[in-house]
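**Student:** Give me coordinates for this.
(2 chains)
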There are 2 protein chains.
Amino acid sequence: MTGTLTIAGLGPGHAGQVTPEVSAALAVATDVLGYIPYVARVAPRAGLRLHPSDNRVERERAAHALDLAAQGGQVVLVSSGDPGVFAMAAAVFEVLEHGPADWADVPVQVLPGITAMLAAAARAGAPLGHDFCAINLSDNLKPWPLIERRLRLAAQADFAMAFYNPCSRARPQGFARTLAVLRDCCEAQRLVLFARAVSTPEEQLRIVPLAQATPEMADMRTMVIVGSSQTRLFHRPSGPVLYTPRSVPASGVGAGA
Amino acid sequence: MTGTLTIAGLGPGHAGQVTPEVSAALAVATDVLGYIPYVARVAPRAGLRLHPSDNRVERERAAHALDLAAQGGQVVLVSSGDPGVFAMAAAVFEVLEHGPADWADVPVQVLPGITAMLAAAARAGAPLGHDFCAINLSDNLKPWPLIERRLRLAAQADFAMAFYNPCSRARPQGFARTLAVLRDCCEAQRLVLFARAVSTPEEQLRIVPLAQATPEMADMRTMVIVGSSQTRLFHRPSGPVLYTPRSVPASGVGAGA
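**Tutor:** Numbering: from 1, shown residues only, chains lettered A, B, ... in the order given. Next up, the predicted model:
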């Protein structure tokens, strides 16, 4: 008997942001795999085996999930946020493309989730309301010169920029390099959002001009969003609002170049 | 009495992709506003007033929603997908920033949703598994030269690209210009996904190399995703899989330039 593999996004943390189709998949799962803190978000129950694993073993985890499904399991591989954004979906297809024949008939589906940048943007206002890009700042999987090149081109394009993985245990000062590049190609007043642990009880938001941004403002749980040249900040009695208007006037062409 | 305004994302269409927090907001709403086909997705009930409105009246709709909330309504403004991505959240903050004093104390919250590019990516595999950008191809709100500039810089950065609004009734041939720019700066074999009406019964996916892409493949309900130079296609018994590997080797630096 062949099982199934579902690659599911749990959203940023709040149970109210887990989609019903993901909850339904978890309710019938025999096996749940994922990075330790994500598997910890799945409630244990009789008949469900939990397989938490450490960071940086994504290919091994993907192969394990496919093996369990080929053996008949109803397997769910969980990611935080959306599994298609810097997460487990690509890892599964990397191993599946060149995998053994007994994986060929395993149905694989991806269930999207609320990704961190959209949850963070929603809490701050609408900084991603106009054209934007998403960059994984980790240089574990790509060389730093490529990251720097993308940052400079994104600034020239005047995209808002959403940064995943601004730093890690292995790269405690990783974000300093990014800030240095941004200071070289964006104006000092460019608005930067640091959104930590969005949708959880530890949530913290901070909005500063680029000139005041420091590497310490980003940790492993922080999503960073840099506005475009058009992004605006205003203050309401309830707090600050950061948003990027939908329109750019003709005079805005070339901004950020 | 002051009411509240909730700007909520309904996801791409499938009820299983509407988050519980959005469903909860709709369950206690007194008024729901939005573009006609999105309001049509909200079930009528006693005590709920539905206010559908046409396209291109986003600022008027936002002001109406704020007025109703200032008068005490529990108001929900609905967008398809995520309200922060080329949708109503930015429109609300545009009018709110310079709005009348009686809007100042209205609590405004944004509830994220599954945005179209992530739903489309999930159905095709994981084409947005590495760095990417999102561009609204409509030139209603920005000049075409800015769109063209962004396309060229995004290709140089070797981002995967997700295109919202590839064409419209007013721009039936809008996507032809985009294809011409892409052909000028990407190789002929670059992979292009046309994902129509994702998550609905009318869903259709088509993956072609750029050389075979034509303007007619995109209509108003189509999300277009162009892979990076690293994006791969392989075939399983169940169908094609499109994905972008998580890693780029050092030799990949400068690809797409």
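
**Student:** How are the strands of chain A distributed by residue range?
**Tutor:** A:4-9, A:31-35, A:49-53, A:74-79, A:108-111, A:125-126, A:132-136, A:160-164, A:191-196, A:204-209, A:222-226, A:232-236, A:239-243 (DSSP state E).

**Student:** Buried ones in the third one, by neighbour count?
**Tutor:** Same thing as strand A:49-53. A:50, A:52 (16 or more other CB atoms under 10 Å in any protein chain shown). In short, each C-beta sits where N, CA and C put it, glycine included.

**Student:** okay, the angle between it and strand A:31-35?
**Tutor:** With axes from the mean of the first three to the mean of the last three CA atoms, to 10 degrees applied, the angle from strand A:49-53 to strand A:31-35 works out at 20 degrees.

**Student:** and among the strands of chain A, the most buried is which?
**Tutor:** strand A:125-126 (a mean of 30; mean count of other CB atoms under 10 Å in any protein chain shown).

**Student:** about what we covered before: could you provide the strands of chain A in a markdown table, with additional columns for distance to chain B and mean pLDDT?
**Tutor:** Compiled in a markdown table, the strands of chain A are given as follows (distance: least, CB to the nearest CB, whole Å; pLDDT from 0 to 100):
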| stretch | distance to chain B | mean pLDDT |
| --- | --- | --- |
| strand A:4-9 | 8 | 98 |
| strand A:31-35 | 14 | 98 |
| strand A:49-53 | 16 | 98 |
| strand A:74-79 | 11 | 98 |
| strand A:108-111 | 4 | 98 |
| strand A:125-126 | 4 | 98 |
| strand A:132-136 | 4 | 98 |
| strand A:160-164 | 9 | 98 |
| strand A:191-196 | 12 | 98 |
| strand A:204-209 | 13 | 98 |
| strand A:222-226 | 11 | 97 |
| strand A:232-236 | 5 | 98 |
| strand A:239-243 | 4 | 97 |
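
**Student:** and the helix or strand of chain A with the lowest mean pLDDT, what other elements does it pack with?
**Tutor:** With mean pLDDT, DSSP states H and E as the measure, the helix or strand of chain A carrying the lowest mean pLDDT is helix A:174-185 (a mean of 95). Judged by 3 or more CB pairs under 8 Å, 6 or more residues apart in numbering or on different chains; DSSP states H and E, the packing partners of helix A:174-185 are helix A:144-156.

**Student:** Let me know whether the helix it packs on sits next to chain B.
**Tutor:** Yes - using CB under 8 Å from any CB of the partner chain, helix A:144-156 reaches chain B at A:145-146, A:149-150, A:153-154, A:156.

**Student:** Same check on stretch A:99-106?
**Tutor:** Yes - using CB under 8 Å from any CB, stretch A:99-106 reaches chain B at A:104-105.

**Student:** Kindly check the end-to-end length of that stretch for me.
**Tutor:** One end of stretch A:99-106 sits 12 Å from the other (CA to CA, to the nearest Å).

**Student:** Can you name the residues in contact with it?
**Tutor:** A:2-5, A:63, A:66-67, A:69-70, A:96, B:236-237 (CB atoms under 8 Å, 6 or more residues apart in numbering or on different chains).

**Student:** mind redoing it with 10 Å?
**Tutor:** A:2-5, A:62-63, A:65-73, A:75, A:92-93, A:95-96, B:236-238 (CB atoms under 10 Å, 6 or more residues apart in numbering or on different chains).

**Student:** same deal with stretch A:38-48?
**Tutor:** Here stretch A:38-48 has contacts from A:8-11, A:13, A:15, A:18, A:26-34, A:50-53, A:74, A:76-81, A:87-88, using CB under 10 Å, 6+ apart.

**Student:** what about 7 Å?
**Tutor:** A:10, A:26, A:29-30, A:32, A:50, A:52, A:78-80 (CB atoms under 7 Å, 6 or more residues apart in numbering or on different chains).

**Student:** biggest separation within these, which pair?
**Tutor:** Across those, the longest distance by CB to CB is 21.9 Å; it joins A:Thr30 and A:Ser80.

**Student:** Between those two, which is the more surrounded one?
**Tutor:** Each of A:Thr30 and A:Ser80 has its neighbours counted (other CB atoms under 10 Å in any protein chain shown); A:Ser80 has more, 22 against 16.

**Student:** ok, that one - contacts?
**Tutor:** With the criterion set at CB under 7 Å, 6+ apart, A:Ser80 makes contact with A:10, A:12, A:38.

**Student:** what do you get if the cut-off is 8 Å, keeping everything else the same?
**Tutor:** A:9-13, A:35, A:37-38, A:87, A:113, A:116 are the contacts of A:Ser80 under CB under 8 Å, 6+ apart.

**Student:** For chain B, see how far away A:Gly129 is.
**Tutor:** 3 Å (CB to the nearest CB, to the nearest Å).

**Student:** What's the local residue count around that residue?
**Tutor:** 29.

**Student:** Tell me, how many residues neighbour the spatially closest residue to it that is not a sequence neighbour?
**Tutor:** Ranked by CB to CB, 6 or more residues apart in numbering or on different chains and with sequence neighbours excluded, the top spatial neighbour of A:Gly129 is B:Ala90, at 2.9 Å. Per other CB under 10 Å, the neighbour tally for B:Ala90 reads 26.

**Student:** got the domain boundaries for chain A?
**Tutor:** Recorded structural domains for chain A (assignment: automatic domain parsing) are A:4-114, A:117-252.

**Student:** any idea how far the first one is from the chain center?
**Tutor:** What that stands for is domain A:4-114. Distance, stretch centre to chain centre, for domain A:4-114: 16 Å (CA atoms, centre = their mean, to the nearest Å).

**Student:** in chain A, what spans have low per-residue confidence?
**Tutor:** A:1, A:251-257 (pLDDT under 70).

**Student:** So the residue most central in space within it versus chain B, what's the distance?
**Tutor:** Closest to where the C-alpha atoms of chain A average out (CA atoms, centre = their mean) is A:Ala116, at 4.8 Å. To chain B, A:Ala116 is 10 Å away according to CB to the nearest CB.

**Student:** just to revisit the earlier point, residues touching the residue nearest to A:Gly129, list them.
**Tutor:** B:Ala90 sits in contact with A:126, A:129-130, A:243-246, B:84, where contact means CB under 8 Å, 6+ apart.
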